[in-house]
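Chemist: turn this into a model:
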Amino acid sequence: MRALLLVTALAAAACGGATDSASQDGDDATESAVTAETVPEPGGGEIVLAVEQWPECLNPLTSCANSSWLNWSVLVHLVPTLMEYDEDNNLRASPLLVEAPSAETRPDGGFTVTYSLDPDARWSDGTPITSSDVWFSWRARLDTAGSLDTIGYDLITDVGHDDPHTAVVTFSEPYAPWRQLFGRILPAHAFEGETDISGRWNDSIPVSGGPWLQESWSPQQHILVPNDNYWVTDRMPLVDRVVMVPLEDTDTEVAALQTGEVMAASPQPFPGAKERLGPPLAFVSGEGTFMEGLWINQAAPDRRFEITTSVRRALAHALDRERIAEVALGPIIDNPEVLQCAGWNPAFGQWCGDHFTRYSQDMAAVERLLTAEGWTRPDPEGRWVNTEGVELVLQWNTVAGNQRREDIQALVTEMTEPFGIGFEIINYSAGELFQNRLPVMDFGPLALYANGTDPDPSVSALYDIDGIPSEANGFSGQNFTAYASERATELAFAIDAELDEAARLELVHELGALLADDVPWIPLYMLPNLLAWDPAVLDGPGAYVSSVHGGYYDIYDWAVIG
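Modeler: All right, here's what the predicted structure looks like:
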């Protein structure tokens with residue numbers, strides 16, 4: 001999926017971003033956002049933005065952070081990180097650092113990374129950001145009840161913080177994806193030394209280390225104002241206020257943009273996007289970093305039969321994935337490509353192989369796989385039935401109001417009917433699905449959603465057996481397919497430990513072949529990023545469209561035209 005589409009109207013925009021999406025209902029906060037009376041002069045004013053998926057809570061470490069839009073609409077503007085992605089999605093030193101960190105493999109087999117912090121870095125309350133905050137952020141990852149992701153942090157044996165401007169992170173063994181760690185640096189002083197932060201910052205983030213301050217957050221709106229204590233002068237916001245509002249679905253979001261209720265939106269690709277976002281609006285779309293697929297929860301509480309490898313393979317052989325990609329992405333890019341690997345982005349290196357090309361629509365393969373497990377089809381036009389008389393019907397969840405995903409559900413339901421496979425479709429709001437159900441494995445067994453990718457090929461969070469959320473582990477981890485393969489876990493962690501790129505590539509492709517055998521989920525396509533705005537009232541969006549950080553990442557550079 002290499003296509004890049006740029007559409008502009010009235011005026012060309014200067015710089016901007018992009019992202020993934022879905023939503024909830026807004027209130028009257030945006031009624032007159034772009035009327036003649038309220039459009040401010042450049043150098044101030046208010047920007048009103050649509051947010052498709054409204055987070056239900058704000059905690060940066062718990063299941064709250066399973067929402068992409070929590071990161072894009074809240075955390076990226078307030079909570080600093082040691083490393084950040086550049087325009088090509090390569091990790092570089094963030095403004096917290098004075099230079100790129102150095103890594104060293106020690107003679108004893110250990111591994112050390114040294115970060116040099118900018119002495120000018122400070123929190124919004126004036127407190128310096130120091131190596132003690134890095135130490136605290138490490139401990140909070142491990143000590144917070146229900147921490148979403150501890151992989152990599154559990155290999156750290158210490159974070160030296162004797163020098164306030166130098167954090168020396170010591171690992172027990174080499175860890176290749178170390179650059180991806182410390183994506184959230186927390187203010188130790190704000191938590192009074194309590195490293196379990198599960199009960200904190202759930203409905204407000206009072207201290208910022210980014211260019212913005214959170215004035216308020218509620219189910220109705222999110223308001224940001226400039227952080228006057230931010231030390232990075234070229235990222236100081238150009239406007240006085242940003243108001244983000246939740247919208248119910250794609251149609252509502254686009255209508256709000258067309259009528260001037262919001263100035264910009266970052267919707268997922270949807271049918272008719274090129275036409276509806278054309279002049280006088282502008283939009284830009286490009287390669288995304290999120291892989292969309294059918295994720296199969298083998299431990300789903302509502303499963304009516306065991307979701308075996310044969311059942312998963314049969315489902316893969318019942319799908320015309322080329323047709324799915326065309327229906328899903330054709331309205332926004334030319335020649336959409338099917339994703340043929342389960343975990344890697346084809347745009348990043350050679351990690352993504354072609355192991356899933358073996359799965360094409362094949363009635364004989366479906367019959368062979370299911371018959372071998374005792375399934376029968378009494379009615380040649382009906383559904384498969386197992387030995388207990390239960391029909392092959394899978395409950396299927398996705399985000400309610402997401403037109404593209406609901407269109408895919410309708411397409412697949414029709415597509416698989418001749419193959420004797422049925423679905424019970426139950427869709428939820430984004431917050432309910434991503435923050436309440438996925439983290440406790442209460443979904444599916446089938447769900448349609450997108451998961452993020454990075455240039456680094458680490459996929460241990462997806463395939464670690466110990467990362468299957470359960471009551472026993474406090475519902476920690478992100479292996480939401482309940483894929484319990486010892487070999488996949490072993491390979492995933494071997495990838496993390498291997499520093500040689502050629503050796504890592506061999507391990508990645510070995511794991512890729514195993515995943516195609518086991519089919520823990522069915523990859524569909526890479527989801528392109530999309531950002532739309534009204535160039536008559538807003539200057540700034542458009543350049544950084546493929547940002548991992550989301551379409552609103554650089555709103556500090558956006559200005560109101562008046």
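Chemist: quick one, helices of the stretch 251-400 of the chain?
Modeler: 273-276, 309-317, 321-329, 363-372 (DSSP state H, counting those that start in this stretch).
Chemist: most neighbours per residue, which of the ones you listed?
Modeler: Burial of these is given as mean neighbour count (mean count of other CB atoms under 10 Å); helix 309-317 ranks first at a mean of 22. Every C-beta, even on glycine, is put in place using the N, C-alpha and C of the backbone.
Chemist: and the angle from it to helix 363-372?
Modeler: Calculated by axes from the mean of the first three to the mean of the last three CA atoms, to 10 degrees, helix 309-317 forms an angle of 160 degrees with helix 363-372.
Chemist: check contacts around residue 173.
Modeler: For residue 173, the contact set (CB atoms under 8 Å, 6 or more residues apart in numbering) comprises 109-111, 155, 497.
Chemist: longest single strand anywhere in this protein?
Modeler: Taking DSSP state E as the criterion, the chain has its longest strand at strand 282-296.
Chemist: same for that strand, what does it pack against?
Modeler: On a contact count with 3 or more CB pairs under 8 Å, 6 or more residues apart in numbering; DSSP states H and E, strand 282-296 meets strand 5-7, helix 309-317, strand 446-452, strand 521-533.
Chemist: what mean pLDDT does that strand have?
Modeler: Mean per-residue pLDDT for strand 282-296: 90.
Chemist: strands paired with that strand, and their directions?
Modeler: Each strand paired with strand 282-296, and its direction, by DSSP bridges: strand 5-7 (antiparallel), strand 446-452 (antiparallel), strand 521-533 (antiparallel).
Chemist: does residue 244 touch residue 73 like I think?
Modeler: Yes - look at residue 244 against residue 73 with CB atoms under 8 Å: they come within range, at 5.4 Å.
Chemist: spit out the residues that contact these two alike.
Modeler: The contact sets of residue 244 and residue 73 overlap at 51, 222, 552 (CB under 8 Å, 6+ apart).
Chemist: may I ask which of those has the most neighbours?
Modeler: Each of the shared contacts of residue 244 and residue 73 was scored by neighbour count (other CB atoms under 10 Å); the top score is that of residue 552, with 30 neighbours.
Chemist: and that one, how far from residue 75?
Modeler: 12 Å (CB to CB, to the nearest Å).
Chemist: in terms of helices and strands, where is residue 237?
Modeler: Using DSSP states H and E, residue 237 is not contained in any helix or strand.
Chemist: spit out the contact partners of it.
Modeler: Contacts of residue 237 by CB under 8 Å, 6+ apart are 211-212, 226, 555-556.
Chemist: repeat that for residue 151.
Modeler: Applying CB under 8 Å, 6+ apart, we find residue 151 in contact with 460-461, 464, 467, 496.
Chemist: turn those into CSV, including pLDDT, distance to residue 439 and secondary structure.
Modeler: Formatted as CSV, the contacts of residue 151 follow (pLDDT from 0 to 100; distance: CB to CB, whole Å; DSSP: H, G, I helix; E, B strand; the rest coil):
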residue, pLDDT, distance to residue 439, secondary structure
460, 95, 18, helix
461, 93, 13, helix
464, 96, 15, coil
467, 94, 11, helix
496, 95, 22, helix
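Chemist: and these as a markdown table, adding neighbour count and distance to residue 531?
Modeler: Converted to a markdown table, the contacts of residue 151 look like this (neighbours: other CB atoms under 10 Å; distance: CB to CB, whole Å):
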| residue | neighbour count | distance to residue 531 |
| --- | --- | --- |
| 460 | 23 | 31 |
| 461 | 21 | 27 |
| 464 | 19 | 34 |
| 467 | 23 | 32 |
| 496 | 24 | 33 |
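Chemist: tell me, how many residues neighbour residue 99?
Modeler: Residue 99, neighbours per other CB under 10 Å, totals 9.
Chemist: out of the strands paired with strand 282-296, nearest to residue 45?
Modeler: The closest of the strands paired with strand 282-296 to residue 45 is strand 521-533. By CB to CB, the value is 14.9 Å.
Chemist: show me the helices in the stretch 451-562 of the chain, by range?
Modeler: 460-463, 486-497, 501-518.
Chemist: and the shortest one, what other elements does it pack with?
Modeler: The reference is to helix 460-463. Contacts defined by 3+ CB pairs under 8 Å, 6+ apart place helix 460-463 against helix 486-497.
Chemist: distance between the helix it packs on and the chain's centre?
Modeler: On the basis of CA atoms, centre = their mean, to the nearest Å, helix 486-497 sits 22 Å off its chain's mean C-alpha point.
Chemist: returning to that earlier point: between the contacts of residue 151, which is closest to residue 535?
Modeler: residue 461 (38.9 Å).
Chemist: just checking, the closest one touches residue 467?
Modeler: Yes - contact criterion CB under 8 Å: residue 461 and residue 467 qualify, at 6.2 Å.
Chemist: which residues do the two both contact?
Modeler: Taking CB under 8 Å, 6+ apart as the criterion, residue 461 and residue 467 both touch 151, 477-479.
Chemist: between all of these, which two are separated the most?
Modeler: 151 and 479 (10.4 Å).
Chemist: which residues are in contact with each of the two?
Modeler: Jointly contacting residue 151 and residue 479 under the rule CB under 8 Å, 6+ apart are 461, 464, 467.
Chemist: count of neighbours near the residue nearest to the first one when sequence neighbours are not counted?
Modeler: Distance criterion CB to CB, 6 or more residues apart in numbering; nearest residue to residue 461, sequence neighbours excluded, is residue 478 at 4.5 Å. Number of residues near residue 478 (other CB under 10 Å) recorded here: 21.
Chemist: quick one: contacts for residue 478?
Modeler: Here residue 478 is in contact with 66, 148-149, 461-462, 467, 469 (CB under 8 Å, 6+ apart).
Chemist: before we move on, what about residue 341?
Modeler: Here residue 341 is in contact with 351-356, 512, 515, 523 (CB under 8 Å, 6+ apart).
Chemist: report the residue spans of the stretch 151-300 of the chain with pLDDT below the cut-off.
Modeler: For the stretch 151-300 of the chain, no stretch is flagged by pLDDT under 70.
Chemist: ok, which stretches of it are strands?
Modeler: Assigned by DSSP state E, counting those that start in this stretch, the strands in the stretch 151-300 of the chain fall at 156-160, 166-171, 212-217, 222-226, 241-246, 264-265, 282-296.
Chemist: name the stretch among the ones you listed that sits most buried.
Modeler: strand 264-265 comes out most buried of those by mean count of other CB under 10 Å, with a mean of 28.
Chemist: contacts for that strand?
Modeler: Applying CB under 8 Å, 6+ apart, the external contacts of strand 264-265 come out as 47, 49-50, 52, 247, 253-254, 256-257, 531-534, 538, 541, 551-552, 558.
Chemist: for stretch 191-205, same thing?
Modeler: The contact list for stretch 191-205 (CB under 8 Å, 6+ apart) reads 57-62, 64, 74-75, 78-79, 136, 139-140, 142-146, 186, 214, 216-217.
Chemist: next step: those restricted to strands.
Modeler: Per DSSP E, these map to strands at 214, 216-217.
Chemist: related to what we said a few turns ago, closest to residue 284 among the shared contacts of residue 244 and residue 73?
Modeler: Comparing the shared contacts of residue 244 and residue 73 against residue 284 with CB to CB places residue 552 closest, at 13.6 Å.
Chemist: quick one: pLDDT of the closest one?
Modeler: Confidence score, pLDDT, at residue 552: 92.
Chemist: quick one: contacts for it?
Modeler: Here residue 552 is in contact with 17, 19, 49, 72-73, 76-77, 244, 264, 266 (CB under 8 Å, 6+ apart).
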